[in-house]
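Participant: how would this look folded up:
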Amino acid sequence: MPIQKVLVVDDSKTELVFLSDLLQKNGFKVQTAENADDAMRRLREDRPDLILMDVVMPGQNGFQLTRAIARDPQYANVPIILCTSKNQETDRVWGMRQGARDYIVKPVNATELMAKISALN
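Facilitator: Down below sits the predicted model:
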């Protein structure tokens with residue numbers, strides 16, 4: 001199933017605007033969430049085809065939320081790309097262990113992100 005709807009989860013309004021604009025210009029329908037609770041509500045309301053997940057957020061962080069989504073049979077097949085400023089290899093490995101399908105470091109390179117999304121299709 002081709003990716004059409006993307007949920008962007010990030011507590012930074014700047015990142016939400018940047019990623020939403022980038023995705024919309026590439027033909028995706030975008031929803032945003034600023035925290036884990038908001039993300040889960042949006043996930044239940046209108047299941048996305050892909051989630052772009054920040055890691056460093058207040059409350060439940062992106063690693064925890066990725067793990068919760070990936071282990072929920074209802075949402076386990078929704079791919080998650082972690083999109084974070086955490087640039088250590090140990091962070092990437094940990095994120096993938098939580099159930100992420102891919103990992104991209106901020107600042108996001110538009111070409112790299114589009115390639116990663118295309119690879120999931």
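
Participant: residue contacts, Leu50?
Facilitator: 3, 5-7, 78-81, 117, 120 (C-beta atoms under 8 Å, 6 or more residues apart in numbering). Heads up, the C-betas are built off the backbone N, CA and C, glycines and all.

Participant: what about 10 Å?
Facilitator: 3-8, 23, 28, 78-81, 101-102, 116-117, 120-121 (C-beta atoms under 10 Å, 6 or more residues apart in numbering).

Participant: of those, which qualify as buried by neighbour count?
Facilitator: Buried by 16 or more other C-beta atoms under 10 Å: 3, 5-8, 23, 28, 78-81, 101-102, 116-117, out of the contacts of Leu50.

Participant: for Leu16, state which of those is nearest.
Facilitator: The nearest member of the buried ones among the contacts of Leu50 to Leu16, counting by C-beta to C-beta, is Val8 at 5.9 Å.

Participant: and that closest one, helix, strand or coil?
Facilitator: strand (DSSP: H, G, I helix; E, B strand; the rest coil).

Participant: right, and it touches Gly62 too?
Facilitator: No. Shown here, Val8 and Gly62 do not form a contact pair, counting by C-beta atoms under 10 Å, at 11.7 Å.

Participant: residues that sit against both of those two, list them.
Facilitator: What both Val8 and Gly62 touch, as defined by C-beta under 10 Å, 6+ apart, is the set 39, 51-54, 83.

Participant: residues contacting the closest residue to Gln60 other than its chain neighbours?
Facilitator: Nearest residue to Gln60, sequence neighbours excluded (C-beta to C-beta, 6 or more residues apart in numbering): Ala36, at 3.6 Å. Shown in contact with Ala36 (C-beta under 10 Å, 6+ apart): 9, 11, 53, 57-62, 64-66, 68-69.

Participant: ditto for Gln60
Facilitator: By C-beta under 10 Å, 6+ apart, the contact set of Gln60 is 35-37, 39-40, 67-68.

Participant: need those in TSV (columns: distance to Asn109, secondary structure and pLDDT).
Facilitator: Shown next, in TSV, are the contacts of Gln60 (distance: C-beta to C-beta, whole Å; DSSP: H, G, I helix; E, B strand; the rest coil; pLDDT from 0 to 100):
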residue	distance to Asn109	secondary structure	pLDDT
Asn35	25	coil	96
Ala36	26	helix	96
Asp37	30	helix	96
Ala39	24	helix	97
Met40	29	helix	97
Arg67	26	helix	98
Ala68	28	helix	97
